[in-house]
Each structure stands twice: as structure tokens, then as C-alpha cells.
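Participant: Mind looking at a prediction? Sequence and model below.
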Amino acid sequence: DICAKLICMILRKLNYSTERAENGQVALDLLRAGDPGMYSLVLMDLRMPVMDGFEATKAIKKYLKLNIPVVALTGETSTELKVQCEEIGFDGFYQKPLKRKQLEEVVKKYTSAEPTGEQ
């Protein structure tokens with residue numbers, strides 16, 4: 001999706017390393033296979049094929065038991081959706097598209113990650 005590609009591009013321009021998963025199942029597979037501490041933040045789209053962001057986040061929090069912030073990204077704004085995300089265990093909730101400054105603030109808020117210097 002264009003928004004995910006744009007977010008990755010902005011993060012790379014800010015010198016953060018990124019990895020994009022096409023859906024929730026791929027995200028779980030990457031997290032499961034990664035070394036501990038390899039990932040410091042998950043920016044999770046809520047609406048994806050195969051496994052949506054809701055199911056993926058439940059699995060990250062309850063089954064993988066990873067202590068990693070998962071932030072919901074969505075084009076939707078309803079209060080009910082925000083409450084649902086909180087109940088599932090998302091650490092934050094943001095409306096897409098995120099501007100560069102807002103994206104930088106999200107990374108700083110939820111992580112102690114420093115830019116890698118890699119492009």
C-alpha cells in the first residue's frame with residue numbers, strides 16, 4: 001500500500017531502519033524469526049489481507065508475548081475503533097496519513113531507537 005511505502009521512505013530519510021510486512025501474518029513471521037530486540041516498534045495497519053492488524057496485535061501481545069510497542073495506523077477515526085484498539089493492547093492509535101514530523105514524534109514517543117545512519 002502506498003501509505004506503508006511512504007512511511008518506510010520517511011523513516012529511512014530520518015535514518016531509521018525499516019522492514020515492511022504486507023499483512024499481519026508476515027509481520028508475525030518477521031517478529032518470531034527476528035533476534036530479541038531487533039525490532040523496537042511496530043506500526044500496524046488495521047485493515048490488511050490474510051491477517052488484519054487486530055489479530056496480529058493480539059498474537060504479538062498474547063502469544064508471542066513480545067514487549068514491543070504496537071501502534072495502530074488507520075484511515076478511520078471512530079471512538080469505538082480507538083477503544084477496540086486499546087482493549088486489544090495497541091500502545092497508540094494514529095490516523096493515516098502521518099506527516100514526517102508526526103511520524104518522528106511517534107518513533108520518539110514509543111522507543112529509545114536512534115537513527116541507524118543506514119539508508
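Facilitator: Perfect, I can see it now.

Participant: if I've got this straight, residue 73 is in a helix?
Facilitator: No: the assignment for residue 73, made by DSSP: H, G, I helix; E, B strand; the rest coil, is strand rather than a helix.

Participant: show me the contacts for it.
Facilitator: When contacts are counted by C-beta atoms under 8 Å, 6 or more residues apart in numbering, residue 73 touches 3, 7, 43, 44, 45, 46, 94, 95, 96, 98. All C-beta spots, glycine's among them, are computed from the backbone N, C-alpha and C.

Participant: Which of these fall in strands?
Facilitator: Within the contacts of residue 73, residues falling in strands by DSSP state E are 43, 44, 45, 94, 95.

Participant: can you count the residues close to the closest residue to the second one other than its chain neighbours?
Facilitator: In space, residue 44 comes closest to residue 53 once its chain neighbours are excluded; the distance is 4.2 Å by C-beta to C-beta, 6 or more residues apart in numbering. As a burial measure, residue 53 scores 25 neighbours (other C-beta atoms under 10 Å).

Participant: pLDDT value on residue 53, please?
Facilitator: pLDDT for residue 53: 92.

Participant: ok, which stretches of the chain are strands?
Facilitator: Using DSSP E, the strands of the chain run over 42-45, 70-74, 92-95.

Participant: Can you lay out those strands as a markdown table showing distance to residue 34 and mean pLDDT?
Facilitator: Converted to a markdown table, these look like this (distance: least, C-beta to C-beta, whole Å; pLDDT from 0 to 100):
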| stretch | distance to residue 34 | mean pLDDT |
| --- | --- | --- |
| strand 42-45 | 11 | 94 |
| strand 70-74 | 14 | 94 |
| strand 92-95 | 21 | 93 |
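
Participant: Turn these into a markdown table, columns for distance to residue 85.
Facilitator: What follows is these, written out as a markdown table (distance: least, C-beta to C-beta, whole Å):
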| stretch | distance to residue 85 |
| --- | --- |
| strand 42-45 | 9 |
| strand 70-74 | 5 |
| strand 92-95 | 5 |
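
Participant: Which one of the ones you listed lies nearest to residue 17?
Facilitator: Checking these against residue 17 by C-beta to C-beta gives strand 42-45 as the closest, at 13.2 Å.

Participant: before we move on, back to that, what's the closest of the contacts of residue 73 to residue 15?
Facilitator: residue 7 (14.6 Å).
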